[in-house]
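Asks: Let me see the structure of the following:
(chains A, B and C)
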Amino acid sequence: MNAGSLANRSERRRAAAEFGLGAHDAPRIGMLAFLCSEAAFFATLIIAYLTYLGQADVGPTPGEILSLGLAGANTVVLLSSSVTLWWASQAMTAGRTRSACSGLIVTILLGSLFLAGTAYEWRELIDARGLTISTNLFGTTYYTLVGCHAFHVTLGVLAMLVLAGLLASRALSAGASRGFELVEWYWHFVDGVWIAVFLVVYVWGR
Amino acid sequence: MNSAAPPPSGPHEESVSLPAPTPWPLLLAAGITLAAAGLVTNWVVSGVGIMLLVVALAGWIRELVSHRGEIEIPWVEPELRAAPIKPAAARVEALRPGMPGHRMRVPEKVHPYSAGVRGGLVGGAAMAATALLYGLISGHGIWYPINLLAAMILTNFADKSTVELEQFSLAALGVGTVIHGLTSLAVGLCYGIILPTLPRWPMLWGGLVGPLLWTGATYGFMGILNPVMNARVEWSWFFVSQFVFGIATGMVVARSEKVPAERPVPRSRVSHERRY
Amino acid sequence: MAVAEPLAMRTELSDTARLRAWSTTVDHKRIGLLYVGTSLIFLVIGGLEALLIRWQLWAPELRVLGPTQFNQLFTMHGTTMIFFVVMPMLLGFANYLVPLMIGARDMAFPRLNALSYWLYALGGALTHFSFFAGGAPDVGWFAYAPLTEYTFSRGHSTDYWILGLLVSGLGSLFTGINLLTTILALRAPGMNLARMPLFVWMMLVDAILLIFAIPPLTAAQLMLLLDRSLGAHFFDTQAGGSALLWQHLFWFFGHPEVYILALPAFGMISEIVPVFSRKVIFGYESVAAATVTIGVISMGVWAHHMFTVGMSDVLDAIFSGASFLIAVPTGIKMFNWIATLYGGRLRFESPLLFAVGFLAMFVMGGLTGIMLAAVPIDWQVSDSYFVVAHFHYVLFGGSLFAIMAGFFYWFPKASGRRLSERLGRWQFWIMLAGFNLTFGPMHVAGLLGMPRRIYTYSDDRGWTLWNQLATVGALVLGVAFVLFFWNLFVSWRRGAPAGDDPWDAWTLEWATHSPPAPYNFETIPPVHSRRPLWDLKHPQDPDWILPDRAQPEVIA
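Replies: This next block holds a predicted model:
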């Protein structure tokens, strides 16, 4: 996240010469380590979900109320946002600031659409189906797992908004940007987590 | 000696670029803490915390993007710099064989791995001979001990009668030979490595203590490892065969020529190590 | 040897300017000092809590404290000592030393480093604020569910525990990421992994443990928070939730945490013992390999804290076996240190005194640890004072003695002055006596059946004597700590000047000025071996091999 520790590129180059950094690249290692810790976090939540799957004393159960169609559509939205972000980063590396910016905006829109889909789904579950976090164990684990993921998506959208703002105001020059690359890694990771969540909650757990 | 050269600071470049002091980490942490504290006090506290968080994050990002976060720090005055490291006046104590010096390495000499392999093979052969001898003398025949050993893997042997276990079985011969051979080799290699580290009498450790330890362990665990053998084994013969193995392997290993533990590093590797 | 007075950055600053300088700093050395200083403050708090606990247990049926206050004190003592004293103290040392030892200018992410420190300090403050907001947490440092559920723990004390630890845990996680990145990316030219000081090796494994152990705790605490504030049912046994899940999640963090607290201490010992034996560490590779092995196994032993909850025999056997197994790499290190001492020219100054004290005390803690890993013994003495004795021998006799050794060893680097050797010796012997007097009798009390966490006991149980010995010991320990703080206080300003390299040591931190300039090194010394300073001091007999010369250390 803190990509700017040696953000100054000349400084980084000098540090590379001075410390023999070469292939070792601090921001990348740091982001990778951060993503490892995030993976451990989500693994814990998924373990909790699986532990309590089918353990609820009272209904509703996932099979009764979860809609595979809505979740599937949401999945398509989120996964396509990974593709658009990849496209934006290609443009970024090639120095095409405008396409990078527009790719980023499309990604942000897709991410927001995913969040809106989740919000719609939750609203249905709460209002129409009467499932809240305190209804039963399913509600408890479901809202926690999906909510934590949605929170991470929100953070990703905010980070991309910042990037887009910086790009638009020319504070961020085109060409390979370390901040851009790391946000991209984070976004793909969050998408990967969604695949796991989707499979566990909507496919296998239903 | 490329790495001995001072870092690429030009003759007139006596300064270092470092991150500048910044209040944003403190404010961001305060924002996070207040946002959390609001959950147990008042939502207003959380609100203030989140506002602080946003302001701090914005300040932080702006500092990174504009490169204002770096300052050039000149070198401190010469008397505040580290004094160059001088060669020590005192001489280093010479290393003496057998005595722990400042770079102690024990053992100085070890058996080559080949000695362990040879010892394992010889010991394994001696042990197998003892087991076959048991088969002949006890009247069960030479295939009996082999089948018993193989029962560790071939679990269907548990249902067989003693008479069936005296018959020849190709599967048992194969499995038994593999188990026996691998175990003998592994123990032989261990002998080659461990014996030179033990004091004075290799035959005491290899011929007596070693077999005693593992026969004891096997005696305790045989019920789990190999119930078939556990039900039928003649423990006195079992012990004898283990000691035969230990003595034979120990003798072969102990008689082998020792080589220095640390071999001089070949030149090619030295130059390889200094690549930076 | 004449050594000049240490010239720190002695431009006289006003108080506000100094405050601003320290609160906005991103220098790893200052952040390290902040970590250590803050954890010393928490050490005083946690120590006073311990003294109150011992006072209450001085005699049967005493009423110095009520049961609720007693619960709060042992909870806060445990929480404070583990999360706000030992862990940040070690992270502070790591912050100060790792960049110096690997020849770097700073940590990889200096600003994130500052954020980590402030999250820790403010998280600690938030947890302790509960004292003024209706009562401190009283659910024990591992906060077992369902005791922590809202039904049983009304008010906000448990919430303070959760939130304070969440905030400071975030800081520890960032420090872990920072340390890992620093060690992997910022090493000086020539310092490959096989040439890193062992302290750095241990911190590398420590950082990885932090990265993988803290998130599960964070997730578990989040679940608990949801249970308490939104009525979720994770640990609510009435609605089908599982109290056992909390135990699994907590100890999945909790046991690696033990090694997070132990590994840096091992690292300090691995630096100090060779220097004061005037020998190379015996078996560098095996120490590093044992560290990695400990790191791996420590992820798979957590349920040995849970033998009494009634898991299956198979699980009991697996976790018992894994716990026995982890004694092997730890034992390897013990032998490495002892073999380093063997035949060395020992200089019994304070750092080595404390290091040897560590070796002896840690072995005791390790042996009782192996006893507790045996399921039947654990069933018998679980949650008794025997367990209390065991982990104090590990964390106090182990980690804290090593930290003391570290203070005496590296204080000259940070201040330019030595700690008083005379006070140090007094402190060591008083501390050793007080420590064994406090925690030795607890073994006996535990075997006699005294449960931990009871606020008083009747006099017909035969526990009185052992408790009184422990209380006397605690007072003796208090004296040792007063000496220590006095020594720190006086020596920081008036200690004997130390010079750059007071111990004639071999790692890179001693190649800088004491205290080092903000950028650490004007020029980085060449690194050809594990002891770069030895090579410079003994050009005739360096650790590395000149290609055109016969290897010096092979004996014909």
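Asks: Low-confidence regions, chain B specifically.
Replies: Where chain B drops to pLDDT under 70, the residues are B:1-13, B:93-107, B:262-276.
Asks: Looking from chain A, tell me which residue of it is nearest.
Replies: The nearest approach of chain B to chain A comes at B:Leu64, 3.1 Å away (C-beta to the nearest C-beta). Backbone N, C-alpha and C define where each C-beta goes, glycine included.
Asks: Name the helix or strand for that residue, please.
Replies: When elements are assigned from DSSP states H and E, B:Leu64 belongs to helix B:43-65.
Asks: what angle separates the helix or strand where A:Val146 lies from helix B:43-65?
Replies: Per DSSP H and E, A:Val146 falls inside helix A:137-168. Going by axes from the mean of the first three to the mean of the last three C-alpha atoms, to 10 degrees, helix A:137-168 is angled at 40 degrees with respect to helix B:43-65.
Asks: Which is the succeeding secondary structure element to helix A:137-168?
Replies: Per DSSP H and E, helix A:137-168 leads on to helix A:178-197 as the next helix or strand towards the C-terminus.
Asks: Just the CA trace of that following helix, in CSV.
Replies: Extracted in CSV, the C-alpha atoms of helix A:178-197 (Å, rounded to 0.1, in the frame of the first residue of the first chain):
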residue,chain,number,x,y,z
ARG,A,178,3.9,1.2,-8.9
GLY,A,179,0.8,2.5,-7.1
PHE,A,180,-1.4,1.5,-10.1
GLU,A,181,0.2,-1.9,-10.2
LEU,A,182,-0.3,-2.6,-6.5
VAL,A,183,-4.0,-1.5,-6.6
GLU,A,184,-4.4,-3.8,-9.6
TRP,A,185,-2.9,-6.7,-7.6
TYR,A,186,-5.2,-6.0,-4.7
TRP,A,187,-8.2,-5.9,-7.0
HIS,A,188,-7.5,-9.2,-8.7
PHE,A,189,-7.0,-10.7,-5.2
VAL,A,190,-10.4,-9.4,-4.1
ASP,A,191,-11.9,-10.9,-7.2
GLY,A,192,-10.2,-14.2,-6.4
VAL,A,193,-11.6,-14.1,-2.9
TRP,A,194,-15.1,-13.6,-4.5
ILE,A,195,-14.7,-16.7,-6.6
ALA,A,196,-14.0,-18.7,-3.4
VAL,A,197,-16.9,-17.0,-1.6
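Asks: In it, which of the residues would be classed as buried?
Replies: A:178-191, A:193-194, A:197 (16 or more other C-beta atoms under 10 Å in any protein chain shown).
Asks: Now do the contacts for A:Ser134.
Replies: Residues near A:Ser134 by C-beta atoms under 8 Å, 6 or more residues apart in numbering or on different chains: A:140, C:230-233.
Asks: buried subset of those?
Replies: Among those, those buried by neighbour count (16+ other C-beta under 10 Å) are A:140, C:231-233.
Asks: Just name the closest of those to C:Ala17, please.
Replies: C:Ala232 (48.9 Å; C-beta to C-beta).
Asks: Surely the closest one touches C:Met223?
Replies: Yes - with contact defined as C-beta atoms under 8 Å, C:Ala232 reaches C:Met223; the gap is 7.0 Å.
Asks: related to what we said a few turns ago, CA atoms only for the helix holding B:Leu64, dumped as CSV, please.
Replies: Presented in CSV, the C-alpha positions along helix B:43-65 are these (Å, rounded to 0.1, in the frame of the first residue of the first chain):
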residue,chain,number,x,y,z
TRP,B,43,-21.0,7.8,17.4
VAL,B,44,-19.7,11.4,17.3
VAL,B,45,-16.3,10.1,18.2
SER,B,46,-16.4,7.6,15.4
GLY,B,47,-17.4,10.4,13.0
VAL,B,48,-14.5,12.6,14.1
GLY,B,49,-12.2,9.5,13.8
ILE,B,50,-13.3,8.8,10.2
MET,B,51,-12.9,12.4,9.2
LEU,B,52,-9.4,12.4,10.7
LEU,B,53,-8.8,9.2,8.8
VAL,B,54,-9.8,10.7,5.5
VAL,B,55,-7.8,13.9,6.0
ALA,B,56,-4.7,11.9,7.1
LEU,B,57,-5.0,9.6,4.1
ALA,B,58,-5.4,12.4,1.7
GLY,B,59,-2.4,14.2,3.2
TRP,B,60,-0.3,11.1,3.1
ILE,B,61,-1.2,10.3,-0.6
ARG,B,62,-0.5,13.9,-1.6
GLU,B,63,2.9,13.8,0.1
LEU,B,64,3.8,10.6,-1.9
VAL,B,65,2.5,11.8,-5.2
